[in-house]
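S.K.: structure, please.
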Amino acid sequence: MMLIREKQFYKTVLSISIPMMLQNLIGVAVGLADTLMLGRLGEVELTSAALSQQFFFIFMVMNFGLGGGTAILISQYWGKQDVPKIRTIMGIMYKVSISLSIMFMVVSLVIPRQIISVFTTDIRVIDIGEQYLRVLSMSYIFSSFSNCSMAGLRAIKTVRVSVVIYSISLILNIFLNWILIFGNFGAPELGVVGAAIATVIARITESVLIIIFLKFFDKKMRLGLDILKRADKYLRKDFIKIVTPVVINEMIWSVGSAMVSIIVGRMGTEVVAANTIANVVNQCMTVIVYAVSGASSVIIGNSIGAKEYERTKDAAFTLLICVTALGMLAGVCVFIARPHIINFYVVTDLTKKIAMDIMLINSFIVVFQALANTLNVGILRAGGDTNFVLINDVIFMWLLAIPLGFIGAFVWDLPIILVFCIIRIDEILKSVCATIRLLSFKWINNVTRE
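M.R.: You can find the predicted model right below:
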């Protein structure tokens, strides 16, 4: 196990990370634009959208699990240049994606009010959130298709196209937000509903652009409708074996995150608004970390598929050192940015104070957040060690952070800053366990078939 010093390795990391970083920045920019524009309407509107998106968040995290699990197989098969199997795997993924999207869309359309009521008791927030969620559900199938397609393309090192497509989507989303939220260019002033409509149109546009790319420009996978008809019982078994733990992992984790949102939501509208602001700042500062995490998954998967196991060990150790340094840098940036970002929002002084406190905690936790994400989601999972990642990623959240968070907030009546310390403690424990597992190298598994 050695630190890799050759320039080509770092060039490869950057060639994958930079487009992914830009893609992540675009995603954060969409969220930032939504919160800034909705924040101009007031705290109730901002909170309504934030809590409505929690159900969508659960859906998308499951899709991240689906795409991420599929990418494990694709990246390793790309390492051995087995394109026919990659096409079959993509077909399986799309069929699961469509089924999942329809299920969540129906639930959002039928019981949106009940969903929002889980997160808050504020009737004003529930009334507005219900309208937002109904409209947003129309974007589910397009969001899923976009996410899964990009996961597959990323696994074969096709990453630049995502920047182009998401840039177009970002510009369109912000422009439509400006028109539909505030009623510009003679459009009706729709407020929160306008933001949801803008999101739906942007996701449809994304999907159309991806289809055009896959049909006319992609020369690696050459996907068409025929992939939906391809069948291979052995690959299907591998798909279930590898992807299922990842989807379950993401589902349990996302439900846990929703439970944390329930804790936060029931602490008051000001706390929700402050947490929304703090999360956007945190996302802005961690985009490069998550980009390196995504690059790690591709690099590790490709090297295992090519049976370069010693190289895999060296790459994993090198990436561990790099992401630790990046996490520290992100923490410093979060700390410095706190007072400057908060002034962009038209919120009460209490909300600003709470947001400052939350961002102070985030400036410390982000180091461990970076490690936990890169090691669990990037490296260990790419090595096929999905069962360990499943256990490590959820056990501390459900056994410590969530129960102690409830008790701290509603039984012990702790200060808000201490409650947020408790609900983020799992990141520290996850990163420690993941580091120990990484250095054991028991996670390296070749999951391809001859």
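
S.K.: need the contact list for the spatially closest residue to Ala306 that is not a sequence neighbour.
M.R.: With Cβ to Cβ, 6 or more residues apart in numbering as the criterion, Ala306 has its nearest non-adjacent residue at 4.2 Å, and that residue is Gly79. Where C-beta positions appear, they are placed from N, C-alpha and C, glycine not excepted. By Cβ atoms under 8 Å, 6 or more residues apart in numbering, Gly79 lies in contact with Gly301, Asn302, Ser303, Ile304, Gly305, Ala306, Thr448.

S.K.: against Ile436, how distant is Gly79?
M.R.: Computed as Cβ to Cβ, to the nearest Å, the Gly79 to Ile436 distance reads 26 Å.

S.K.: Lys442 too?
M.R.: From Lys442 across to Ile436, the span is 10 Å (Cβ to Cβ).

S.K.: and if you look at Cys148?
M.R.: Using Cβ to Cβ, Cys148 is found at 32 Å from Ile436.

S.K.: where's Val334 relative to Ser75, distance?
M.R.: Using Cβ to Cβ, one gets 31 Å for the distance from Val334 to Ser75.

S.K.: residues of whichever strand or helix holds Pro84 that come out buried?
M.R.: Using DSSP states H and E, Pro84 maps to helix 83-110. Buried residues in helix 83-110, defined by neighbour count with 16 or more other Cβ atoms under 10 Å: 85-94, 96-97, 100-101, 104-105, 107-108.

S.K.: same check on stretch 179-187?
M.R.: Within stretch 179-187, the residues that count as buried by 16+ other Cβ under 10 Å are Ile179, Leu180, Ile181, Phe182.

S.K.: so the third one makes contact with Thr199?
M.R.: Put plainly, it is Ile181. No - between Ile181 and Thr199 there is no contact under Cβ atoms under 8 Å: 11.3 Å.

S.K.: from the buried residues of stretch 179-187, pick the one nearest Asp122.
M.R.: Distance ranking of the buried residues of stretch 179-187 against Asp122, using Cβ to Cβ, places Ile181 first at 20.7 Å.

S.K.: specify the residue positioned farthest from the middle of this protein.
M.R.: Farthest-out residue of the chain from its mean C-alpha position, per Cα atoms, centre = their mean: Gly186, at 35.5 Å.

S.K.: what's the worst-scoring helix or strand of the chain on mean pLDDT packed up against?
M.R.: Every helix and strand of the chain was ranked by mean pLDDT, DSSP states H and E. The lowest is helix 7-39, at a mean of 83. Helices and strands touching helix 7-39, by 3 or more Cβ pairs under 8 Å, 6 or more residues apart in numbering; DSSP states H and E, are helix 43-79, helix 140-155, helix 160-182, helix 192-216, helix 269-305, helix 309-342.

S.K.: for Arg113, which of those helices is the nearest?
M.R.: Per Cβ to Cβ, nearest to Arg113 of the helices and strands packed on helix 7-39: helix 43-79, 10.7 Å.

S.K.: average pLDDT for that closest one?
M.R.: Taken as a whole, helix 43-79 has an average pLDDT of 88.

S.K.: what about it, distance to the chain center?
M.R.: Chain-centre distance of helix 43-79: 5 Å, with Cα atoms, centre = their mean, to the nearest Å.

S.K.: stretch 343-351 too?
M.R.: Chain-centre distance of stretch 343-351: 27 Å, with Cα atoms, centre = their mean.

S.K.: repeat for stretch 116-134
M.R.: Relative to its chain's centre, stretch 116-134 lies at 23 Å (Cα atoms, centre = their mean).

S.K.: please apply the same query to stretch 187-201.
M.R.: Chain-centre distance of stretch 187-201: 23 Å, with Cα atoms, centre = their mean.

S.K.: how about that stretch: buried residues?
M.R.: With burial defined by 16+ other Cβ under 10 Å, the residues of stretch 187-201 counted as buried are Leu190, Gly191, Val192, Val193, Gly194, Ala195, Ala196, Ile197, Ala198, Thr199, Val200, Ile201.

S.K.: residues in contact with it?
M.R.: With contact meaning Cβ under 8 Å, 6+ apart, stretch 187-201 is reached by 34, 37-38, 41, 45, 48-49, 128-129, 131-133, 135-136, 138-139, 142, 172-173, 176-177, 179-183.

S.K.: hmm, try it at 6 Å
M.R.: Under the contact criterion Cβ atoms under 6 Å, 6 or more residues apart in numbering, stretch 187-201 has outside partners 34, 41, 45, 48-49, 128, 131-132, 135-136, 138-139, 173, 176-177, 179-181, 183.

S.K.: give me the buried subset of the residues you listed.
M.R.: Burial by neighbour count, judged by 16+ other Cβ under 10 Å, picks out 34, 41, 45, 48-49, 128, 131-132, 135-136, 138-139, 173, 176-177, 179-181 from those.

S.K.: what number of residues lie near Tyr309?
M.R.: Neighbours of Tyr309 under the rule other Cβ atoms under 10 Å: 12.

S.K.: one more: Val164?
M.R.: Using other Cβ under 10 Å, Val164 has 14 other residues around it.

S.K.: quick one: the closest residue to Trp443 other than its chain neighbours from Val292, how far?
M.R.: Closest residue to Trp443 apart from its sequence neighbours, by Cβ to Cβ, 6+ apart: Asp385 at 3.5 Å. Asp385 sits 19 Å away from Val292, going by Cβ to Cβ.

S.K.: per-residue confidence for Ile181?
M.R.: 90.

S.K.: residues contacting it?
M.R.: Residues near Ile181 by Cβ under 6 Å, 6+ apart: Met37, Gly191, Gly194, Ala195.

S.K.: let's see 7 Å
M.R.: Met37, Leu190, Gly191, Gly194, Ala195 (Cβ atoms under 7 Å, 6 or more residues apart in numbering).

S.K.: now do it against Ser137, distance only.
M.R.: Distance from Ile181 to Ser137, by Cβ to Cβ: 19 Å.

S.K.: could you do Gly129 as well?
M.R.: 12 Å.
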